[in-house]
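K.L.:
Below are the sequence and a predicted model; questions follow.
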Amino acid sequence: MAKAITPKVTWVGKIDWELDTFHGDEYSTHHGSSYNAYLVRDQKTVLIDTVWKPFDEEFVAQLKKVVDLRSIDAIICNHNEIDHSGGLVELLREIPDTPIYCTANGEKILRGHYHQDWNYITVKTGDKLNIGDSDLVFIEAPMLHWPDTMFTYMTGENILFSNDGFGQHYATEFLFNDLADQGELLTEALKYYANILTPFSSQVTRKIDEILALELPVIRKT
Ligand SMILES: [Fe+2]
Ligand SMILES: [Fe+2]
C-alpha cells in the first residue's frame with residue numbers, strides 16, 4: 001500500500017507484521033519489520049530500494065498501481081542486502097534496461113546475489129542525479145552497515161534516505177517515527193544499533209558529523 005510522504009515522494013514498501021527472525025535465526029524480531037522503498041517523482045521518476053524477496057511479486061503488483069513501470073527512469077540501491085534488493089529480479093523482468101545507481105561495492109554485491117548483467121551506474125560521495133527541480137545526491141556510508149551502503153539526499157524536498165544507518169526492525173502502521181509507539185520503537189532501535197552497528201560506532205559518529213557539515217536542510221516532522 002502506497003503512502004504519500006510529500007507531493008513528490010511516496011512510500012511504496014512493505015510492512016512485515018509476521019517476521020520473527022532475521023539473518024537466519026541470529027536476530028529475533030519481536031515487532032516484525034518494514035521494507036522501505038520510495039517512489040520519487042519529479043521530471044524524472046526514480047525508485048529508491050525495493051523489498052525482501054518473499055514479497056517481490058506483491059511489491060511489483062502494488063507498484064504498478066502507483067506508476068507505469070515503463071516511466072521509471074532510474075533505480076537507486078542504497079544497500080543491497082536482500083531485504084532491500086529482493087524485488088529487483090521481479091521488477092527488472094519488466095524493465096530490464098533501467099539504470100541502477102549504486103556504489104562500486106553495491107554492483108559487486110548485486111552481481112553476486114543475482115548474476116544479472118543489469119545496467120549498473122556506480123556512484124561516489126557527492127555525485128548527483130538531476131531529476132528536474134531536485135537533485136539526488138549520493139553519500140557513501142561504508143560499513144553502515146555493509147560495505148556497499150550509501151545514503152541518498154533529495155534536494156528541494158530535503159529528505160535524507162538513510163537506509164539501515166539509523167535503522168531498526170519494526171512494523172508499525174504509522175510511517176513516521178514520532179507517530180509510532182515510542183517505547184517499542186526505541187527498544188527496537190537500541191537493539192538494532194547494539195547488534196548491528198556498535199562495531200562501527202566511530203564511523204557512525206563521523207558520518208553524522210560529515211552530513212551535518214554539509215549543512216543540508218533535512219525535514220524533521222514535528
Ligand atoms: Fe541491512
Ligand atoms: Fe535493512
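P.N.:
Sure thing, it's come through. Ligands and ions are numbered 1, 2, ... in the order given.
K.L.:
okay, CA-based contacts and neighbour counts for the rest of this
P.N.:
Fine.
K.L.:
Measure how buried the nearest residue to Met154 once chain neighbours are set aside is and give me the count.
P.N.:
If the residues on either side of it in the chain are set aside, Met154 comes closest to Leu136, at 4.6 Å by CA to CA, 6 or more residues apart in numbering. Neighbourhood size, Leu136 [other CA atoms under 10 Å]: 25.
K.L.:
Doesn't Leu136 lie inside a strand?
P.N.:
Yes - counting by DSSP: H, G, I helix; E, B strand; the rest coil, Leu136 is located in a strand.
K.L.:
shaky segments in this protein?
P.N.:
Residues of the chain that meet the criterion pLDDT under 70 lie in 219-222.
K.L.:
so how far is Val137 from the residue of it most remote from its centre?
P.N.:
Farthest-out residue of the chain from its mean C-alpha position, per CA atoms, centre = their mean: Gly183, at 23.9 Å. Distance of Gly183 to Val137, given as CA to CA, to the nearest Å: 33 Å.
K.L.:
can I assume the residue farthest from the centre of the chain sits in a helix?
P.N.:
Yes - using three-state DSSP, the assignment for Gly183 is a helix.
K.L.:
so how far is stretch 31-40 off the chain centroid?
P.N.:
Here stretch 31-40 is found 7 Å from its chain centre; the criterion is CA atoms, centre = their mean, to the nearest Å.
K.L.:
Which residues does that stretch contact?
P.N.:
Residues outside stretch 31-40 that contact it (CA atoms under 8 Å, 6 or more residues apart in numbering): 8-20, 45-52, 83-84, 168-172.
K.L.:
and what of stretch 48-65?
P.N.:
Applying CA under 8 Å, 6+ apart, the contact partners of stretch 48-65 are 1-2, 12-14, 35-40, 69, 75-79, 82-88, 90-91.
K.L.:
Filter these down to the buried ones and hand me the ChimeraX line.
P.N.:
Typed into ChimeraX, the line below selects the buried ones among the contacts of stretch 48-65, using 16 or more other CA atoms under 10 Å:
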select :2,12,13,14,35,36,37,38,39,40,69,75,76,77,78,79,82,83,84,85,86,87,88,90,91
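K.L.:
So which of the contacts of stretch 48-65 sit within strands?
P.N.:
If you go by DSSP state E, the contacts of stretch 48-65 have 14, 35, 38-40, 75-76 in strands.
K.L.:
Just send those back as CSV, with distance to Gly112 too.
P.N.:
Output for the ones in strands among the contacts of stretch 48-65, formatted as CSV (distance: CA to CA, whole Å):
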residue, distance to Gly112
Lys14, 24
Tyr35, 21
Tyr38, 24
Leu39, 26
Val40, 27
Ile75, 18
Ile76, 18
